[in-house]
Structure formats: C-alpha cells, structure tokens
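Peer 1: Provided below are the primary sequence and the corresponding predicted coordinates.
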Amino acid sequence: LGQLERLKDSILSVAELDICYDVEKGEEGFRLRLEELTKEALHEVRNALSVLILSDRLVINDRSAIPSILYMRTIQLALNNKGISLRVSIVIDSGEIKNSHQLAVLMAFGASAVCPYLVLELARNRISDEVEGQGLDQKEQRIIKAMESGLLKVMAKRGISVLRSYKGSELFTIIGLAKE
C-alpha cells in the first residue's frame, strides 16, 4: 500500500481518477460517469501523464464503484483508438480484487499494476493461528506472493512466460454483456 503513495510523490507525472458514481442517478449516472472517466483519462494522457491510477477508495453509502474490468477495458480501448495507449501505465487501486483470477483478467486487459487494497488490509489485520506472531508486513507479503503465484499459474496455462506478453493480450472472452 505504501508503494502507491510513494508513486504519487515520485518525479513521474501521476493522476488519480475516482471511478465511483452516484447510485441515485441509476444506470444513466453509471453510463455518464464511465464517459466522464474516459474523457478525463484521455485528457490526462494527452497532457504528458505517465501513470494513471484508477481508484475506488471513495466508495460510500450513496456512491458505488464501477466494476474494475469494465472501466479498465473502456479506458484502454479509448486510449488504443487514439493511438496513445503506450504513453501511460494504468494502475488499478481497487477493493474489488480478491483473488488471482481477477488480477489476471485486469492484467490481460491492459493494467500495468494492481493494488488490491482491501485484501492487503484484511491480511494485515486478520488474526489467525496460521499467521500468529507474524508482523504486518509479513502477512501482506504472503498475500502478494499468493497473488503473484496465481497470476503465474494462469499465464502458464496460456503458454505465456513473460508478463509483458500477457499484459493487454485480451485472452479472456466476455460472455453475457450487451454490446452497448
């Protein structure tokens, strides 16, 4: 979690976009926020942005997060269509990511990095016999290692050994989502 904060304080040009929308506005609000996010992302990248952080940390009672794969894919397609996707690294900062499959899907659809902050917080604060006596950082490292191991297994099943070849490969098929 600290690495994300250090990234914001680095010499790189970094912007963080809130991927939450007002629930009261319903489906129309959802669609409008997705369009706004896309426009914001394109504007930031055109202005020499190096790292784009897409975060759902501002979720509260009347604000919900857009599903991470949906906004990731929407923004990646918009960047590709404008020919500027290689100019920026996209970091997903989401409490939605709970397992290595979700991590693998986001990486396959173009995420450069993923911070599953909720899982990391749970790992740090969970009390269990297995991790009794371990420090907070050790607990977090166990989760990171498990996620990395799961990602490598998914990649290996696809015959890919290098993350660079996997990123943006679109190896997953979306089923049951309308064209619009």
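Peer 2: Here it is on my side, so go on.

Peer 1: how near is the residue nearest the centre of the chain to residue 117?
Peer 2: Compute the mean C-alpha point of the chain, and by C-alpha atoms, centre = their mean the closest residue is residue 92, 2.2 Å away. As for residue 92, its distance to residue 117 is 10 Å (criterion: C-beta to C-beta, to the nearest Å). Heads up, the C-betas are built off the backbone N, CA and C, glycines and all.

Peer 1: Same check on residue 98?
Peer 2: 11 Å.

Peer 1: More neighbours: the two, which one.
Peer 2: Remark: of residue 98 and residue 117, residue 117 carries more neighbours, 18 against 14, as counted by other C-beta atoms under 10 Å.

Peer 1: what pLDDT does that one get?
Peer 2: On pLDDT, residue 117 comes in at 90.

Peer 1: so it touches residue 96, yeah?
Peer 2: No - applying C-beta atoms under 8 Å, one finds residue 117 not in contact with residue 96, separated by 9.9 Å.

Peer 1: related to what we said a few turns ago, assign the residue nearest to the centre of the chain to helix, strand or coil.
Peer 2: Look at residue 92: counting by DSSP: H, G, I helix; E, B strand; the rest coil, its state is strand.

Peer 1: hang on, it packs against residue 115?
Peer 2: Yes - counting by C-beta under 8 Å, residue 115 is a contact partner of residue 92 at 7.0 Å.

Peer 1: element containing residue 17, please.
Peer 2: Applying DSSP states H and E as the criterion places residue 17 in strand 14-18.

Peer 1: For stretch 50-70, what does the pLDDT average out to?
Peer 2: 91.

Peer 1: What is the end-to-end distance of it?
Peer 2: Stretch 50-70 has an end-to-end distance of 22 Å (C-alpha to C-alpha, to the nearest Å).

Peer 1: With that, I have no additional questions.
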